[in-house]
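> sequence and predicted structure below; questions after.
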Amino acid sequence: MYYCYQFVILLCLISVITGYPSYQDQIPNGKNVPHPCKKNYIWKGVGHLQMNGGGKRNVFGEAFSKAQHKWTKQLCEADSDKDGKSNGEELGDPNCVWTAGSKPTSTVGISHPGICEPVDSEECRSQQSYECGGEYNCEATNQTGVKYIDLKFPRTKVPPNETTFMCNTFTVPADKRYHAIAFEPLADNANVIHHMSVFACTEAEASQTKKTPHVCNMSKCRSNYITVWTVGLEGYCLKNDVGLLFGNGSFTHFSIELHWNNPKKRTDYYDGSGMRMFYTDKLRPYSEGAMIFGQQYIKLEPNTPETMVEGTCNKKCSKKTFLNRVNITSVLLHMHYLGVKARAEQYRDGKLIRVLAKDEPYFYESPDLHIFDPPVEFIPGDEIKTTCYFDTKKDFRQRSKTVWWGQGTQDEMCYVIITYYPRMKGSGFHACINTADIDPCDPQGSFGCNATEIYMIGQEAGQEAKNNKCDLGTKECTSSCMGTTEGLREHKCMQGKVGELWRHFMKDQSVYKMAELCYDVLSGQDSVTFSLTTIITAFVLSILTS
């Protein structure tokens, strides 16, 4: 049951970034800015420090943001990177006459307005920290004996929905044991690709999955977390002594979950994205794993300038969940659009030993992946504290209804994902996630309640409703329904903050809808409208098969 809970967390977790290729159309030659160090490479994220966008903005990106993402005369005439050429000169609009949709004065001799060039010059080195060779560069992929396999979707029609999750399962070599050593994105349609999550599973688990692209809530091939790609990342290269194990006697199938974001609900989009996995049969000394921390109980009141949410994996739970000393290699903070700042801290014996990550401000579209090289040590008993701040009042974040934890971008999250080595035994990832002030290692199970028990009570209440002729389809709590749902309403897991969450999770089940109506009648309150997707229902159902 514990690991099933973790799977849902991962499914709902990585919803990290949306690219904005349309911004390229708001500056002259926006799709034609060359990489300052790599010949024949285009710098797609002109306003970011990363070539493909995402992450922190560069100096031109900051200026572009202050100009409300418009090509103004002031922005054109400025020399953002202080290399002696105006932004207009660098982008082919020296006279600052270009307007969106028109042809620039020049399309040749374009240079980067946010990176001082030449990068290696003394003048530029004194003004910026950017250096050639600082991007993704995985030399191990060129080593003798290293092979690759493309885990790629066929070109598939994108539904006219704001958010779609697509799954596909792929067979990987299993004649011997292998280590995956690097992953590179094969991003097809930048207008819709949001992120890609990669999981692995055994032959038995893969037999329960579809081997063709399909809309999914969660793939059944997900017993081991592998990696995630988001816009802005050029690839993921493991340390030279670390790999991800698969093959004979291990995982034989990989699944990829694509997240498509189509806010305009266009009907003419197709996408065939995927990942290229590099692997070798020369096993490395260590295998990599992942840990997840955070807070599950999030309730943000509307029109509130700041709400703090925090969760701490306490010393006792840390010792129980994490059995080995490990080395932390990366940290990623995750919230959605209402998140404004966040941090993750590591404590030992009650003392802060380091801030693992601090994103102030935090941008949902461009989160930072904090890399540790050399890695830092985590020992059982270390506490990880995750703190998130949200705003439901200012500008585009303004909300008129309560916002809860949830999978959708209209909901919120507060998590930190940590990769480490050597991987601990058991699941490919370990979680220590708070729900309100409940101990994450509560022996009663998720949320301090026995999930299977409450599911069975719901089933029994549904059968009793039929016997008592309680119409669960009605929007009125009748006398027969009042008695039918009494046991469900009075169950310990329906009380307090935990009760809020359970009713929130199960809102789409008819017997829970009726229990909520009757609960509101008894309490004299109006019916509460919650905003969690039906995927959470799968959590309870799947526990029965864990």
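Looks like it came in fine.
> only C-alpha atoms for contact and neighbour calcs from this point on.
Noted.
> tell me the contacts of Met424?
The contact partners of Met424, taken as C-alpha atoms under 8 Å, 6 or more residues apart in numbering, are 289, 322-324.
> now it, what's its secondary structure?
Here Met424 is recorded as coil under DSSP: H, G, I helix; E, B strand; the rest coil.
> could you measure from it over to Gln50?
32 Å (C-alpha to C-alpha, to the nearest Å).
> of the contacts of Met424 - the most surrounded one?
Gly289 (25 neighbours; other C-alpha atoms under 10 Å).
> the closest residue to Gly249 other than its chain neighbours pairs with what?
Counting by C-alpha to C-alpha, 6 or more residues apart in numbering, Arg177 is the residue found nearest to Gly249 once chain neighbours are left out, at 7.2 Å. As for beta bridges, Arg177 partners with Gly247 under DSSP bridges.
> pLDDT score for Arg177?
Looking at Arg177, its pLDDT is 95.
> check Met275 too.
On pLDDT, Met275 comes in at 96.
> surely it and Tyr148 touch.
No: using C-alpha atoms under 8 Å as the test, Met275 is too far from Tyr148 to be in contact (10.1 Å).
> neighbour count winner among those two?
Each of Met275 and Tyr148 has its neighbours counted (other C-alpha under 10 Å); Met275 has more, 23 against 15.
> now do the contacts for that one.
Shown in contact with Met275 (C-alpha under 8 Å, 6+ apart): 150-152, 183-187.
> I'd like those as JSON lines, with pLDDT appended.
Output for those, formatted as JSON lines (pLDDT from 0 to 100):
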{"residue": "Asp150", "pLDDT": "96"}
{"residue": "Leu151", "pLDDT": "96"}
{"residue": "Lys152", "pLDDT": "95"}
{"residue": "Phe183", "pLDDT": "93"}
{"residue": "Glu184", "pLDDT": "92"}
{"residue": "Pro185", "pLDDT": "91"}
{"residue": "Leu186", "pLDDT": "92"}
{"residue": "Ala187", "pLDDT": "87"}
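> ok, those residues vs Asp241, which is closest?
Lowest distance from Asp241 to the contacts of Met275 (C-alpha to C-alpha) belongs to Phe183, with 15.9 Å.
> quick one: the closest one and Glu234 touch, right?
No: in terms of C-alpha under 8 Å, Phe183 does not count as a neighbour of Glu234; the distance is 9.1 Å.
> who's more crowded, those two?
The neighbour comparison of Phe183 against Glu234 (other C-alpha under 10 Å) goes to Phe183, with 26 against 19.
> tally of neighbours for the closest residue to the more buried one other than its chain neighbours?
Distance criterion C-alpha to C-alpha, 6+ apart; nearest residue to Phe183, sequence neighbours excluded, is Met277 at 4.7 Å. When neighbours are counted by other C-alpha under 10 Å, Met277 registers 19.
> could you do Glu205 as well?
By other C-alpha under 10 Å, the residues close to Glu205 number 17.
> Pro380 too?
Neighbour count of Pro380, defined by other C-alpha under 10 Å: 18.
> likewise for Ala140?
Quick note: Ala140 (other C-alpha under 10 Å) scores 17 neighbours.
> name the SS class of it, please.
Classification of Ala140 using three-state DSSP returns helix.
> check for me that the residue nearest to Phe183 belongs to a helix.
No: with three-state DSSP as the criterion, Met277 is assigned strand and is not in a helix.
> what bridges to it?
Taking DSSP bridges as the rule, Met277 bridges to Ile149, Phe183.
> residues touching it, list them.
The neighbourhood of Met277, defined by C-alpha under 8 Å, 6+ apart, consists of 148-151, 180-184.
> now Glu89
Glu89 makes contact with Asn95, according to C-alpha under 8 Å, 6+ apart.
> just to be sure, Gln24 is in a helix?
Yes: counting by three-state DSSP, Gln24 is found in a helix.
> isn't it right next to Lys31, touching?
Yes: Gln24 is within contact range of Lys31, at 5.7 Å (criterion: C-alpha under 8 Å).
> now the common contact residues for these two.
Common contacts of Gln24 and Lys31, defined by C-alpha under 8 Å, 6+ apart, comprise Lys44.
> Asp359: how many residues sit nearby?
By other C-alpha under 10 Å, the residues close to Asp359 number 20.
> where's it relative to Gly45, distance?
Here Asp359 is placed at a distance of 20 Å from Gly45 (C-alpha to C-alpha).
> residues contacting the closest residue to Pro154 other than its chain neighbours?
Leaving aside its sequence neighbours, Pro154 sits nearest to Gly272 (C-alpha to C-alpha, 6+ apart; 5.0 Å). Counting by C-alpha under 8 Å, 6+ apart, Gly272 touches 152-156, 187-189.
> quick one on the thing from earlier: the residue nearest to Gly249: neighbour count?
Counted by other C-alpha under 10 Å, the residues lying close to Arg177 total 18.
> then Ile256?
The number of residues packed near Ile256 is 28, by other C-alpha under 10 Å.
> next, it: phi, psi?
The phi/psi pair for Ile256 (degrees, to the nearest 10) reads phi -120, psi 130.
> for the nearest residue to it once chain neighbours are set aside, give its distance to Phe183.
Nearest residue to Ile256 in three dimensions, chain neighbours excluded: Val198, at 4.7 Å (C-alpha to C-alpha, 6+ apart). According to C-alpha to C-alpha, Val198 stands 10 Å off from Phe183.
> now do Gly134, the pLDDT please.
You'll see Gly134 listed with a pLDDT of 56.
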